[in-house]
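> just need the structure, nothing else, for what follows:
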Amino acid sequence: MLNRDLKALADQQYDLIVIGGGIFGACAAWDAALRGLSVALLEKADFGHATSASHFKIVHGGIRYLQHADFYRVRESSHERSALLRILPHLTYPLPIAIPTYGHGLKSKEAMRVALAAYHVLTIDRNRGIADPHQQIPLGHVLSRRETLEMFPYVRQEGLTGAAVFHDGQMYNPPRITLAFVQSAAKAGAQVANYVEVTDFLQENNRVIGVEACDQLTGTKLNIRGKVVLNAAGPWADHLINRKLGRDLNPHPVFSRDAYFIIKGRRLEYGLATQGDTKDPDAILSRGNRHLFIVPWRDYTLVGVWHVVHKGGPEDFTLTGQDVQSFMDEVNRANPGLNLTFDDVCMWNAGLTLFGENSPGQKHLSYGKRSIIVDHAQAHGIENLLTLIGVRFTTARGMAEQAVNEVFKKLQVKQAPSAKTAFTPVYGGDMPSFSEYLAQARRQLESLDEDVSYNLLRNYGTMHQQVLHEAKQLPTATARIGTSNTIEAEVIHAVRAEMAYKLDDVVFRRTSLAAGSNPGEAALRRCADLMAGELGWQEDRIQRELDAVLARFRLHDIAQPERITH
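Numbers count the residues shown, from 1 in each chain. Take a look at the predicted model:
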């Protein structure tokens, strides 16, 4: 159970203060706490509220880095994909993805066979420690032209010879993955708090000795002391260093607004990678333009990802109607028979991701290569401060491990304990086989509809009984909210045990209510009423919460592009 204790935060000195409760900060807090450090994790909004909740839900295995001859990143990605499949068995699973093949050059089936064989060799240990065969990454294989067209009848057919199939991982619920790392950190002894914004650094003789913070729920100000501070605030990290310390990261981090659509209905069983309009300037062996992905996810289809260099503030971005139309046109050019329209789209997601260096107006963009760890003692003469800005969700655990190694150096620990997070199940993931656990648990939950029990077990894993226990006195605990597969007990549990303080927290990050589309005003109202009963909200507060959530669903007016806002 998460416990937001501001008095405890102010009453002790921590070995490590982590700023930022996205995936990188959450992983760092867990790693450090597991290795015996006293840790405080501070997030200015809700845990995982920004990019960590808004990405494409893929656990990348690094196959695309083959064309860069970047074997380090292939190995790194495969290693981290394996770790997530191993420690998050309820929230991750393998996903097959097909790449259509054409002719007899680099786009051919023959070339892709060679690529799949090379990838197999480079990732030979990809299933290490994964006992459940359903969680293991299979060997790649090829499809015939007929099989490809049966599966994907809308792809470009001229010169088509078939398709190559590889497997990556997919996330069932990214916000709950971030939350699971936060819960794991708290279970290991970390003090965690959302809605606590770091407003300044406490300094003494060019040494950071803690942070000034403000509770965003009450306005209370507090000082939190720490021997080392890790700034893991993502796209806010550089702004914090600049505003409060008058320093700039060098090179200055560049961010991309990465966006994708969620399409109504599950249109395929395999993912599909087809070439878009832009090239990869960093590719050594290029097959042509970069790939756009169309992948199944739950009962929906995800289409993306589009990258646009972002020049404004971290919260100053949107998706315009013109953006939507141009992205839709590119998808349809790549897949002539698909014919997507605005009416097919039920939601869009976008977040800011660390990106590569690009010239103004450059069309063919260079993506981010490596995450950043900055030691401010070396960069700026400021002791006991580190900054971590990550590139991909998949590598967050590994990069957090590296950052915590640096923390131990700052603490002058000669023999730092080894990291344990690659093989330690996260909160709710302590099971040898999710498929076996699912079958067993479903027999105990036979009173629930199959889609409800599946969603409950995917989101909470071995902690699903705690969800039901929290609301056992509620007569409607197992009732659906609207037509969703979310039950009322999940809302009660989110407030009592998961630090949900706003309707937005529950709708978008604690439950699956808004996983792919707007659940409807009646469902949102029921959710708000349940929270009101727990938190003592009056009608005016309920309406403010509803208004804030409804503002997130304006994409339903997508036929009127000028009304789209983020």
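> in the stretch 451-566 of the chain, which spans are helices?
464-470, 488-497, 503-505, 521-535, 539-551 (DSSP state H, counting those that start in this stretch).
> got those helices as JSON lines, with mean pLDDT and mean neighbour count columns?
Backbone N, C-alpha and C define where each C-beta goes, glycine included. Formatted as JSON lines, those follow (pLDDT from 0 to 100; neighbours: other Cβ atoms under 10 Å):
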{"stretch": "helix 464-470", "mean pLDDT": "94", "mean neighbour count": "18"}
{"stretch": "helix 488-497", "mean pLDDT": "98", "mean neighbour count": "23"}
{"stretch": "helix 503-505", "mean pLDDT": "97", "mean neighbour count": "24"}
{"stretch": "helix 521-535", "mean pLDDT": "97", "mean neighbour count": "18"}
{"stretch": "helix 539-551", "mean pLDDT": "96", "mean neighbour count": "14"}
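> how about the ones you listed in TSV, adding distance to residue 213?
TSV is the format used below for the helices of the stretch 451-566 of the chain (distance: least, Cβ to Cβ, whole Å):
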stretch	distance to residue 213
helix 464-470	29
helix 488-497	23
helix 503-505	19
helix 521-535	22
helix 539-551	23
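> which parts of the host helix or strand of residue 78 are buried?
Residue 78 belongs to helix 71-87 when assigned by DSSP states H and E. By 16 or more other Cβ atoms under 10 Å, the buried positions in helix 71-87 come out as 73-87.
> okay, now the domains of the protein?
6-51+175-252+370-410, 87-171+254-355, 434-555 (automatic domain parsing).
> can I get these in CSV with distance to residue 416?
Listed next are the domains of the chain as CSV, based on distance: least, Cβ to Cβ, whole Å:
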stretch, distance to residue 416
domain 6-51+175-252+370-410, 4
domain 87-171+254-355, 21
domain 434-555, 30
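> ok, which of those comes nearest residue 62?
Closest approach to residue 62 among the domains of the chain (Cβ to Cβ): domain 87-171+254-355, 7.7 Å.
> pull up the distance across that closest one, start to finish.
28 Å (Cα to Cα, to the nearest Å).
> how about stretch 169-176?
Separation of the first and last residues of stretch 169-176 by Cα to Cα is 16 Å.
> what sits up against it?
Under the contact criterion Cβ atoms under 8 Å, 6 or more residues apart in numbering, stretch 169-176 has outside partners 47-48, 52-53, 55, 57-61, 81, 84-85, 90-95, 137, 177, 295, 297-298, 393-394, 458-459, 508-510, 512, 515.
> pLDDT of that stretch, averaged?
Throughout stretch 169-176, pLDDT has a mean value of 98.
> report the buried residues of stretch 199-211.
Buried residues in stretch 199-211, counted by 16+ other Cβ under 10 Å: 201-203, 208-211.
> quick check: the two most widely separated of those?
Put simply, by Cβ to Cβ the two of the buried residues of stretch 199-211 set farthest apart are 203 and 211, 10.1 Å from each other.
> any weak-confidence spans in the stretch 101-250 of the chain?
Residue ranges of the stretch 101-250 of the chain with pLDDT under 70: none are present.
> ranges for the strands of it?
141-144, 160-171, 191-193, 196-203, 208-215, 221-231 (DSSP state E, counting those that start in this stretch).
> and these: which comes nearest residue 377?
Comparison of the strands of the stretch 101-250 of the chain against residue 377 by Cβ to Cβ identifies strand 208-215 as nearest, at 9.8 Å.
> put the alpha carbons of that closest one into PDB.
Extracted in PDB, the C-alpha atoms of strand 208-215 (Å, rounded to 0.1, in the frame of the first residue of the first chain):
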ATOM      1  CA  VAL A 208      23.500  20.000  -3.200                       C
ATOM      2  CA  ILE A 209      22.200  18.800   0.200                       C
ATOM      3  CA  GLY A 210      18.600  18.400  -0.600                       C
ATOM      4  CA  VAL A 211      15.600  20.100  -2.200                       C
ATOM      5  CA  GLU A 212      12.900  22.600  -1.500                       C
ATOM      6  CA  ALA A 213       9.400  21.200  -2.400                       C
ATOM      7  CA  CYS A 214       5.800  22.200  -2.400                       C
ATOM      8  CA  ASP A 215       2.800  19.900  -1.900                       C
END
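> what pairs with it, and is each one parallel or antiparallel?
strand 196-203 (antiparallel), strand 221-231 (antiparallel) (DSSP bridges).
> would you point to the one among the ones you listed that's packed deepest?
Ranked by mean neighbour count under mean count of other Cβ atoms under 10 Å, the strands paired with strand 208-215 are led by strand 221-231, which reaches a mean of 21.
> what does that strand contact?
6, 9-10, 12-20, 25, 28, 40, 42, 199, 201-202, 208-215, 237, 240-241, 384-388, 403, 407, 410-411.
> list only buried entries from those residues.
Among these, those scoring as buried are 6, 9-10, 14-20, 25, 28, 40, 42, 201-202, 208-211, 213-215, 237, 240-241, 384-388, 403, 407, 410 (criterion: 16+ other Cβ under 10 Å).
> looking at these, which are in helices?
The helices, defined by DSSP state H, take in 6, 9-10, 25, 28, 237, 240-241, 403, 407, 410 from these.
> from those residues, which is closest to residue 151?
Checking these against residue 151 by Cβ to Cβ gives residue 25 as the nearest, at 39.8 Å.
> show the contacting residues for the closest one.
Per Cβ under 8 Å, 6+ apart, neighbours of residue 25: 18-19, 41, 43, 230, 232-233, 388.
> what is the burial count for the residue lying closest to residue 207 once chain neighbours are set aside?
Counting by Cβ to Cβ, 6 or more residues apart in numbering, the nearest residue to residue 207 once its immediate chain neighbours are dropped is residue 383, at 4.3 Å. Residue 383 sits with 17 neighbouring residues when counted by other Cβ atoms under 10 Å.
> just to revisit the earlier point, export the buried residues of stretch 199-211 to CSV and tack on distance to residue 335?
Formatted as CSV, the buried residues of stretch 199-211 follow (distance: Cβ to Cβ, whole Å):
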residue, distance to residue 335
201, 50
202, 55
203, 55
208, 51
209, 56
210, 54
211, 49
